[in-house]
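[1] Build the 3D model from these lines:
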Amino acid sequence: MVSRPHASEGDVRALAQDLFASTVGLVVYGSQTMWALTEVTARTIVGSALDRIVPTLTDAIVSRMDVTGLVLRNADLHAIVTAALDELDLTTIVLERVDIDRIVERADVDAVIDRVPMLQ
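    Down below sits the predicted model:
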């Protein structure tokens, strides 16, 4: 805020100028504040509406698309699989999730022994 030196009481012109300048400043400040509040309110309302509309609209569009075909045509599946495998510890997965006893039960042990070279 800018202040001026006090003018004599009889200087009506200076008082009118000060009053006008203060009024203009108040109007500008009020307009800027109102604009800022309007913008925040509009963004909030639009954001809220988009939060409700976009997921529904996206579901409607995606349900009509061949997403698998889109991925197969446009994605580098080798890179995706390689990146996924790089993130996995396959040894731990096998040790924790594969039922080795069940595999051995189903294995044809005689066929395996027949394939092993034996010294005579």
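[2] So for the chain, the centremost residue is which one?
    Centroid-nearest residue in the chain, with C-alpha atoms, centre = their mean: residue 51, separated by 12.4 Å.
[3] And the next helix or strand past the helix or strand containing that residue?
    Using DSSP states H and E, residue 51 falls within helix 12-63. Next helix or strand after helix 12-63 toward the C-terminus (DSSP H and E): helix 67-74.
[4] For the helix or strand that that following helix is followed by, the averaged confidence score.
    The helix or strand immediately downstream of helix 67-74 is helix 77-87, counting by DSSP H and E. Averaged over helix 77-87, pLDDT sits at 94.
[5] distance between helix 77-87 and the chain's centre?
    Centroid separation for helix 77-87 versus its chain: 23 Å, with C-alpha atoms, centre = their mean, to the nearest Å.
[6] what about residue 14, how many residues close to it?
    14 (other C-beta atoms under 10 Å). For the C-beta atoms, the positions are set from N, CA and C on the backbone; glycine is no exception.
[7] How about residues contacting the lowest-mean-pLDDT helix or strand in the chain?
    Scoring the helices and strands of the chain by mean pLDDT, DSSP states H and E places helix 109-115 at the bottom, with a mean of 84. The contact list for helix 109-115, computed with C-beta atoms under 8 Å, 6 or more residues apart in numbering, is empty.
[8] Check stretch 49-59 too.
    Stretch 49-59 is contacted by no other residue when judged by C-beta under 8 Å, 6+ apart.
[9] mind checking how far it is from the chain centre?
    The answer for stretch 49-59 is 14 Å, by C-alpha atoms, centre = their mean.
[10] which regions of this structure sit below the pLDDT cut-off?
    1-10, 120 (pLDDT under 70).
[11] What about residue 17, how many residues nearby?
    A count of nearby residues for residue 17, using other C-beta under 10 Å, gives 13.
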